[in-house]
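Pasted the sequence and its predicted model underneath.
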Amino acid sequence: MDAAVDAVLTPKSRRSPAAPGPAPFLMPHAEHHAATVGVSEEGIACTKAVCNYIRETYRRFPGSTDAMHLMWFMQVHHIDIDYYDRYFHAGAYGRTHAEHMATWHR
C-alpha cells in the first residue's frame with residue numbers, strides 16, 4: 001500500500017513549481033503553484049497508515065467494495081461550462097459536455 005500511495009502522490013508533488021509548458025489553466029504557472037495546497041509528510045504517512053489498515057483488516061483494498069464493482073461508484077454532475085470557458089484554454093471539456101444541456105435538457 002505504501003508503494004501505491006507513493007505512485008499516486010508522486011506526480012502530484014508540489015515541492016517545486018511546474019515547468020513552463022502547456023497547461024489547461026489560463027493563470028500564470030507561478031500563480032497556480034502558489035495557490036496549490038501541498039501534501040505534508042505527515043499527511044502522506046497518515047494516508048499510508050489508513051490504506052495499510054484497510055488492506056490488513058479486510059485483506060483487500062478498497063475494504064468494503066469489491067474492486068470489480070467499482071464501476072458503480074461515480075459522481076454525476078453538470079460541469080459549469082462558463083467557469084471552464086473563463087479560466088481554462090479551449091478544449092478543457094469535450095463536445096459531449098458542451099452539447100449536454102441542449103441534448104438532454106431542452
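All right, it came through fine.

Lowest-scoring secondary structure element of the chain by mean pLDDT?
helix 29-34 (a mean of 81; mean pLDDT, DSSP states H and E).

Where do the domain boundaries of this protein fall?
Domain ranges of the chain: 2-65, 75-106, per automatic domain parsing.

Mean neighbour count added to those domains, as a markdown table?
All C-beta atoms are positioned from the backbone trio N, CA, C, and that covers glycine. Output for these, formatted as a markdown table (neighbours: other CB atoms under 10 Å):
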| stretch | mean neighbour count |
| --- | --- |
| domain 2-65 | 11 |
| domain 75-106 | 10 |
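
Alpha carbons only: can I get stretch 88-101 in PDB?
Provided in PDB are the C-alpha atoms of stretch 88-101 (Å, rounded to 0.1, in the frame of the first residue of the first chain):
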ATOM      1  CA  PHE A  88      -9.200  27.300 -19.000                       C
ATOM      2  CA  HIS A  89      -7.900  27.000 -22.500                       C
ATOM      3  CA  ALA A  90     -10.200  25.800 -25.300                       C
ATOM      4  CA  GLY A  91     -10.600  22.100 -25.200                       C
ATOM      5  CA  ALA A  92     -10.800  21.800 -21.300                       C
ATOM      6  CA  TYR A  93     -14.000  19.900 -21.800                       C
ATOM      7  CA  GLY A  94     -15.300  17.800 -24.600                       C
ATOM      8  CA  ARG A  95     -18.100  18.100 -27.100                       C
ATOM      9  CA  THR A  96     -20.300  15.800 -25.000                       C
ATOM     10  CA  HIS A  97     -20.200  18.300 -22.100                       C
ATOM     11  CA  ALA A  98     -20.700  21.300 -24.400                       C
ATOM     12  CA  GLU A  99     -23.800  19.700 -26.000                       C
ATOM     13  CA  HIS A 100     -25.200  18.000 -22.900                       C
ATOM     14  CA  MET A 101     -27.700  20.700 -21.800                       C
END
